[in-house]
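Trainee: sequence and predicted structure are below.
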Amino acid sequence: MEILLLLGLPLAGSLTLAFLGARRHAPEVNAGFSLATLGAAALLVLRVLHNGPLLAWREQFYVDSFNIFLVALTAFVGFTTAVFSRPYMRAEHIHRKFSPRRLRLYHSMYQLFLGAMLMALMTNNMGLLWVSMEAATLSTVLLVSLYKTKASLEAAWKYFILCGVGIAQALFGTILLYFAAARALGHEGMSSLLWTHLYAVRTQLEPTVVALAFTFLLVGYGTKVGLAPLHNWLPDAHSEGPAPVSALLSGLLLNVALYAVIRAKTLATGSIGSMLPNRVLMAFGLVSALLGALFLWRQRDIKRLFGYSSIEHMGLIAFAFGIGGPVANFAALLHMTVHALTKSSIFFAAGHAAQTAGTQQMEDIRGLVRVSPALGWGLLLGSLAILGFPPFGVFTSEFLILTTAMRQHPWTTPLLLLALAMAFAGIFSKVQQMVFGENPAAKLTPSPALVPVYVHLAIVLMLGIYIPPALAGWYHAAAQMIG
Amino acid sequence: MLKSYLVVELLKLLAAGMLLISFALLATRRTQRLIMLFAGQGAILFLSTCLVAHDAGLTELYFSAALTLLLKVVLLPLILHGLLHRLGAQWDNERLVHVPATMLAGLVLVVLAFGLAQPISMLATTIMRHTVGIALAVILLSFLMMITRRKAVSQVIGFLAMENGLFFAATSATYGMPMVIELGIALDLLVAVFILGIFFFQIREQFDSLDLHHLETLKEE
């Protein structure tokens, strides 16, 4: 029931907003539907807390401790982003002068994107997972090119082609998985792609085929995670789309893609019986973290800067899942949560900062604290949080990742520290100038929505000090399952 | 026994045709001919799926074949054709560089594909198990086409040809995917082509051409 609501509400929202067009209250309707989706997610959370893991609709949907917190996170960030997008898109509408039809497209696709991600998270079927990942890509392509500028068209084309190729590889991986499953389970049609069934017979799956399938799935979904060297689309799409879209891409889509990779990894380790998939994931993660941190330095565009920071953090998370074991997995799951919250709040603040200054070039954004103290401090606090300053939750997860790496793979410690230090110096110096520098810019006409920024940061702060037992329980259970 | 033997030989013939078309796609300059080749590839996919469905007695596969016929032989080529017409680009020629080098790279890819497909072919029990290598080769060749082409339409045809290869792989190795998933994939594909259609117009509006070398400004300096 809750699952039906969670999928139906965004779809209904998408249709309603498509018919509603660019009426004056379309942004509020968008936020309203997102709030209703959040409510449905809350119901689902209560249900799972009460009854434990849940299989529904002839086992087509599966909600366990690994995806329930991601569902809640997706619905939550979806709602706060809709709240943020309300004044932001109004201001953009005035400044950039795009047609009302574009705004309609934006709202309709926004809901569709949310629905596709929730579907990808909750489906138990590896095939439907693929279908909804592709739907999530398709619904965001036109969002990236919303402004129809040359640069945004280029970004969207790159995004489409690279992710399209990536997702085609993932389809081949899915076909191979089906092939392996058909041998172990027999031709049961739909049910042999069900993750729970595959997980149950994972030791009987043919190791060579599963290894091949995992490779294709990793490369395919890994493109969407933004793992280096498949990350090319990510900074472009983040910098050229509107800020709410960057927030959704970084905060949610990357997580959902990584979720798909980890589900595949769990099957692969069980079937192959060696740590090979983990090692591959570690390598991809380490390279991404280093490359992301290195490229941070050369950025001039504020949203590109944080796009590279997302690559770095996704690398860290993939690395932690690669180490494996209860502690590293716990840290990775926590990091997924806090990164999504922090990074989306940064994109909110960065979007408003760019609006205030009239440009995304960082050298022209100066003295935010004087123009709007709340905005300046929001950006600064968000940056400090993402850089892993102690009271924030990012510190907890990064600390856990580092100490586990030190114990199990000591040779990676200097590399990880190098990546963290480079990211720290790169982001801090740039943000500090934007916040405190001289030459303040003009005031923003529609007052910015900074409540979502501070709400996100408050949650990240709380997670650094106290993790609610229910959430910790989910993390532990999921960490056990991932292995 | 004889009938089954005949079916296998026919399937091999069709697979060979599929591979040939992939190479032709690599080397064809006329955009309109690319669309025809793509439709031909779809037709071969349709025929081979029908043959397998007949041989294995699977009604589900007939649906899959019908879907292929409808989408890849009729609908998508028509949409692409209409798009070209409305863009006034139906007589476009594309300047291709290094065709012999591309062909050689293609040959290497085919060898690689057969190597990769070896474990799958050995384990498969389907009638088409020997053609998994060809399916993989078609996927990789389409990939190569997307890399070497500079025109938006050609890249899209490469993308669609890759999807053909994937369906061929699915039929070869496992008698196709479950129906719901094939429907989902078909829907995604259709939406993708619609979105790309919108894209073509936007790109043309901004750059006055569908040539993608204009789209190379977003780089790290």
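Mentor: Sure thing, it's come through. Numbers count the residues shown, from 1 in each chain, chains lettered A, B, ... in the order given.
Trainee: from chain B, how far out is A:Thr413?
Mentor: Counting by C-beta to the nearest C-beta, to the nearest Å, the gap between A:Thr413 and chain B amounts to 28 Å. Placement of C-beta: from N, CA and C, glycine included.
Trainee: backbone dihedrals for A:Met109, please?
Mentor: Dihedral angles of A:Met109 (phi, psi; degrees, to the nearest 10) stand at phi -70, psi -30.
Trainee: repeat for the one 3 residues further on
Mentor: In terms of degrees, to the nearest 10, the main-chain angles of A:Leu112 are phi -60, psi -40.
Trainee: so it makes contact with A:Leu7?
Mentor: No: in this structure A:Leu112 lies outside contact range of A:Leu7 using C-beta atoms under 8 Å: 11.3 Å.
Trainee: now do the same contact list for the residue nearest to the spatial centre of chain A.
Mentor: Central residue of chain A (C-alpha atoms, centre = their mean): A:Leu252, 2.9 Å from the mean position. Counting by C-beta atoms under 8 Å, 6 or more residues apart in numbering or on different chains, A:Leu252 touches A:Leu73, A:Thr74, A:Val77, A:Gly78, A:Met117, A:Ala340, A:Ser344.
Trainee: tally of neighbours for A:Thr396?
Mentor: Using other C-beta atoms under 10 Å in any protein chain shown, A:Thr396 has 21 neighbouring residues.
Trainee: where does it land on pLDDT?
Mentor: What the model reports as pLDDT for A:Thr396 is 93.
Trainee: residue ranges in the chain under the pLDDT threshold?
Mentor: By default, I'm working from chain A. Low-confidence regions of chain A, defined by pLDDT under 70, span residues A:22, A:97, A:187-190, A:439-447.
Trainee: that's the other chain; I wanted chain B
Mentor: For chain B, the stretches with pLDDT under 70 are B:1-2, B:90, B:210, B:213-214, B:216-221.
Trainee: just to revisit the earlier point, so what's the nearest residue to the residue nearest to the centre of chain A once chain neighbours are set aside up against?
Mentor: With C-beta to C-beta, 6 or more residues apart in numbering or on different chains as the criterion, A:Leu252 has its nearest non-adjacent residue at 5.3 Å, and that residue is A:Thr74. With contacts defined as C-beta under 8 Å, 6+ apart, A:Thr74 is in contact with A:Ala41, A:Leu114, A:Met117, A:Leu118, A:Leu121, A:Leu252, A:Asn255, A:Val256.
Trainee: which ones among these lie within helices?
Mentor: Members of these lying in helices (criterion: DSSP state H): A:Ala41, A:Leu114, A:Met117, A:Leu118, A:Leu121, A:Asn255, A:Val256.
Trainee: reformat these as JSON lines; add neighbour count and distance to B:Ala39.
Mentor: JSON lines is the format used below for the ones in helices among the contacts of A:Thr74 (neighbours: other C-beta atoms under 10 Å in any protein chain shown; distance: C-beta to C-beta, whole Å):
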{"residue": "A:Ala41", "neighbour count": "24", "distance to B:Ala39": "45"}
{"residue": "A:Leu114", "neighbour count": "31", "distance to B:Ala39": "36"}
{"residue": "A:Met117", "neighbour count": "29", "distance to B:Ala39": "34"}
{"residue": "A:Leu118", "neighbour count": "29", "distance to B:Ala39": "37"}
{"residue": "A:Leu121", "neighbour count": "26", "distance to B:Ala39": "37"}
{"residue": "A:Asn255", "neighbour count": "23", "distance to B:Ala39": "40"}
{"residue": "A:Val256", "neighbour count": "25", "distance to B:Ala39": "35"}
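Trainee: longest helix in chain A, by number of residues?
Mentor: Across chain A, the longest stretch assigned as helix under DSSP H is helix A:150-185.
Trainee: let me see the contact set for the spatially closest residue to A:Met481 that is not a sequence neighbour.
Mentor: Ranked by C-beta to C-beta, 6+ apart and with sequence neighbours excluded, the top spatial neighbour of A:Met481 is A:Phe66, at 6.3 Å. Residues in contact with A:Phe66, defined by C-beta under 8 Å, 6+ apart, are A:Tyr259, A:Ile262, A:Arg263, A:Leu333, A:Trp474, A:Ala477, A:Ala478, A:Met481, A:Ile482.
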